[in-house]
Structure formats: C-alpha cells, structure tokens
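> Below are the sequence and a predicted model for it; my questions follow.
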Amino acid sequence: MNHIFKKLVLAIAVAGAATAALAADFQPRIIRFGYGLAEDSNQGRAAKFFADDLAKRTGNKMRMKGFGNASLGSDIQMQNALIGGAQEMMVGSTATLVGIVSDFGVYDLPFVFRNEKEADAILDGPFGQALTAKLQEKGLVGLVYWENGFRNLTNSKHPITKMEDLKGIKLRVMQNPVYIDMFKGFGANAVPLAFSELFTAMETGTVDGQENPVTTIQSSKFYEVQKYLSLTKHVYSPWIVLASKKWWDSLNADERKAVQDSAFAARDFERKDTREASAKAIDFLKSKGMQVTVVSDKEIERMQETTRQAMYKFANDGHAKLIKDLQSEVEKQRK
Ligand code: TK8
C-alpha cells in the first residue's frame, strides 16, 4: 500500500467512527442520583465526576443531577424508590441491601479482605458480579462497586483499646443482622439506625458511637461529636451504584452503554480519590482534637475470634456455600 492510500484508508476509518458516535441514539433524560454523604465527600466528588462524564459522553443529553446528604432519603428509602421507579439512580452501602438480597451480608463478615487490592479483585470479578446479578429480579440493576472503605470505631466516652472497652457503649450500626451480631459479640449495645439519622443521634446522646471509614468520619464532621477513634479496620465496606430496573429497561442500548461506561470511569475515579483522602484523614481528625488509638494486632486477633459467632450464624442462615466461595476467591488472590 502506498503512503497516501494508507492515509486515505485511515481518514475514512476515523470519519466512520465519528459518524457512529454521532449516530448513537440519546434521548434527553434527567437522572436523579441520590447519595447519603455530604457533597464535599468522596461520594459527592465521584457523583459529580459521574454526572460530568455522562454529559460528555452523550452530548449533554443524559443529565445526571446529584442529591447528597440523603436529601432523597436514606439508603433503604432510596432503594425502594428505585424499585418503584420513582428515582433513577443512587449509590449506597451494600450492607443495607440485605433486606432485598440477604447474600449481600457476606461482605459484612469481619476481616474478610486484608487490603483494597483484594477487595477490588473480588468485587469486580465473578463473585461480585454474580451477587450483583441477583438484584435484577428484585427491580434493581447494580452497575459497579465503589469504595466506602475499612471501617473504624469512634465514640464519645473513652478510648477503645480492647473489646471489653465496648461494654455498655451504645453503638450505632447499619441496619444489617451481621453488624448487630458482630457488635453484640464484642459486648457493645448495638443500635441499628439509618446513616441519615446518625449525626443527630450522636449529638443528642441517643448513641455514644458509630463505625465508618475515616473518610466519612471527616466528611460527615463526626469529629465534632466524637472524641475517640480506634483503628480496627474490622470490615471492608463497599458501596454499590444502583439503577432502577424499571428505568433501565426504558433506556435504549446506546444509553445503557453510556451509563455503564460512565459508571466504570466514576468507579476508577472514586477509588483513587478515596484512597488519597483516606491517607490524609487521620492527621486531619487529630488536628480536630480526636484521640486516635491504634489497636494492637493481638487485640484484633481476639476480636476476630469473637466474630466467628456472627460468621456461623450467617452461614447457618443458608449462606454457607456463599462464604466458602468468597473465601476460596480470596485465597486465590493471596497465591
Ligand atoms: C451512606 C451510608 C454510609 C454507610 C453507613 O448513605 O450507613 O454507615 O457507611 O456510607 O451508606
């Protein structure tokens, strides 16, 4: 092939690709995307990225509007709005999905992942995808997992250096039996409550403490009402980006592809941003007067032993095979 001819072939190919992009069929659509955290949080920043990316991909046709601070409702309320078709999209904790697909409790078993890399591999791999697929028949479409992160304890009473220090602490947990069993096992008075009610509950003393990643402790200003932070990293907590199945089914193939591609891009942005924010959060929290306790490995091991009860209970509730599958996937990662 001579040089000019090659150039010509290339030019035609490029023009063809551009025409294909233009020909993609995007209808004007407004997408309400709800989330629980503040706008200035890892969730809020990723929601904004998602909206901008989708607008670019669709020539401004698909317009996503973020609603932070649980202004469209708590995680559970939003899930129901998606199922009913009253809201298009959201991001929230996988832990609050257990009322819809109980298998999601598997991610809440303590000390499953050792690091973010393991979590990414399992969540993005066949295990995570199989779990996500179970949402479809319940009226939800799971698009990607975002990182909430490793959870740590805070409270207003005293430093927690060992399990026994949790005795008598009224500790808010997510609305999920694995969390309730886990923290009862540690001796705390576990109080299930929606995240949207948590700050006020701590401010008024309805609860003494809670557990969340350091990024959330920072962005939700929990340091204003909590003095003590213990780095336990007891659970790696994923978030999941969900779409209403009713709405999803009303999109054409081009639109679905654009939303899914944007969701992937937002996931990569979110994980990077969260990890950067997480690395800086502890110093920030110290500067706000929080007293930080590094819990010893020995104490973590004792906690891990204690949580076996919660693990057995979840296994006996019909999830034994699921736990095995997860463990074998994790083992594969460690090889
Ligand atoms: C935000 C929640 C939050 C979760 C919790 O809506 O409830 O503690 O960690 O991120 O999903």
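Nice, I can see it.

> Quick one: residues contacting Met303.
By C-beta atoms under 8 Å, 6 or more residues apart in numbering, the residues touching Met303 are 110-111, 163, 186, 232, 234, 295. In this view, the C-beta of every residue, glycine as well, is placed from N, C-alpha and C.

> Can you narrow those residues down to the ones near the ligand?
Among the contacts of Met303, no residue sits close to the ligand (C-beta under 6 Å from any ligand atom).

> From those residues, pick the one nearest the ligand.
His234 (12.6 Å; C-beta to the nearest ligand atom).

> so the closest one, which of the three states?
Judged by DSSP: H, G, I helix; E, B strand; the rest coil, the three-state class of His234 is coil.

> give me the number of residues near the spatially closest residue to it that is not a sequence neighbour?
With sequence-adjacent residues excluded and distances taken as C-beta to C-beta, 6 or more residues apart in numbering, His234 is closest to Pro110, at 4.8 Å. As a burial measure, the neighbour count of Pro110 was computed by other C-beta atoms under 10 Å and equals 24.

> Need the pLDDT of Pro110.
pLDDT for Pro110: 93.

> before we move on, what about Ala23?
The predicted local distance difference test score for Ala23 is 74.

> same question, Ile160
For Ile160, the predicted pLDDT is 98.

> counting residues per helix, which one in this protein is longest?
helix 253-287 (DSSP state H).

> Any regions of this protein where pLDDT drops low?
1-22 (pLDDT under 70).

> Surely Ile282 touches Ile217?
No - no contact is recorded between Ile282 and Ile217 when judged using C-beta atoms under 8 Å, the distance being 9.4 Å.

> thinking again about what came up before, output the contacting helices and strands for the longest helix of the chain.
Packing contacts for helix 253-287, counted by 3 or more C-beta pairs under 8 Å, 6 or more residues apart in numbering; DSSP states H and E, involve helix 42-57, strand 62-67, helix 116-124, strand 140-150, helix 214-219, strand 228-231, strand 236-244, strand 291-294.

> tell me how far it is from the chain's mean position?
The chain centroid and the centroid of helix 253-287 are separated by 10 Å, computed with C-alpha atoms, centre = their mean, to the nearest Å.

> now the angle from that helix to strand 140-150?
Computed by axes from the mean of the first three to the mean of the last three C-alpha atoms, to 10 degrees, the angle separating helix 253-287 from strand 140-150 equals 20 degrees.

> picking that back up, which among the contacts of Met303 count as buried?
Under a neighbour-count criterion of 16 or more other C-beta atoms under 10 Å, the subset of the contacts of Met303 counted as buried comprises 110-111, 163, 186, 232, 234, 295.

> Could you grab the helix/strand/coil label for the residue of the chain found nearest the ligand?
When distances are taken as C-beta to the nearest ligand atom, the chain reaches nearest to the ligand at Gly36, 2.0 Å away. Applying three-state DSSP to Gly36 yields a three-state assignment of coil.

> which one is it nearest to, not counting chain neighbours?
Leaving aside its sequence neighbours, Gly36 is closest to Ala70 (4.6 Å, by C-beta to C-beta, 6+ apart).

> Show me which residues of this protein sit near the ligand.
Of all the residues in the chain, those in contact range of the ligand (C-beta under 6 Å from any ligand atom) are 36-37, 75, 92-93, 148, 174, 195, 212, 216, 237.

> and if we set it to 8 Å?
35-37, 43, 70, 74-75, 92-93, 95-96, 148, 151, 172, 174, 194-196, 198, 210-213, 216, 237, 239 (C-beta under 8 Å from any ligand atom).

> circling back to that earlier point, the more surrounded of Ile282 and Ile217?
Ile217 (25 against 18).

> From what I see, that one and Leu153 are in contact.
No - using C-beta under 8 Å, Ile217 makes no contact with Leu153, being 9.9 Å away.

> any common contacting residues for those two?
What both Ile217 and Leu153 touch, as defined by C-beta under 8 Å, 6+ apart, is the set Leu229.

> looking at the sheet around the residue positioned nearest the centre of the chain, what are its partners?
Of all residues in the chain, the one closest to the mean position by C-alpha atoms, centre = their mean is Trp239, 1.3 Å from it. Legend: beta-bridge partners of Trp239 under DSSP bridges are Ser93, Trp146.

> So it sits against Thr96, correct?
No - with contact defined as C-beta under 8 Å, Trp239 and Thr96 do not form a contacting pair (10.2 Å).

> give the contact list for the closest residue to Arg45 other than its chain neighbours.
When the adjacent residues along the chain are set aside, Arg45 lies closest to Asp273, with 5.7 Å between them (C-beta to C-beta, 6+ apart). By C-beta under 8 Å, 6+ apart, Asp273 lies in contact with 42, 45-46.
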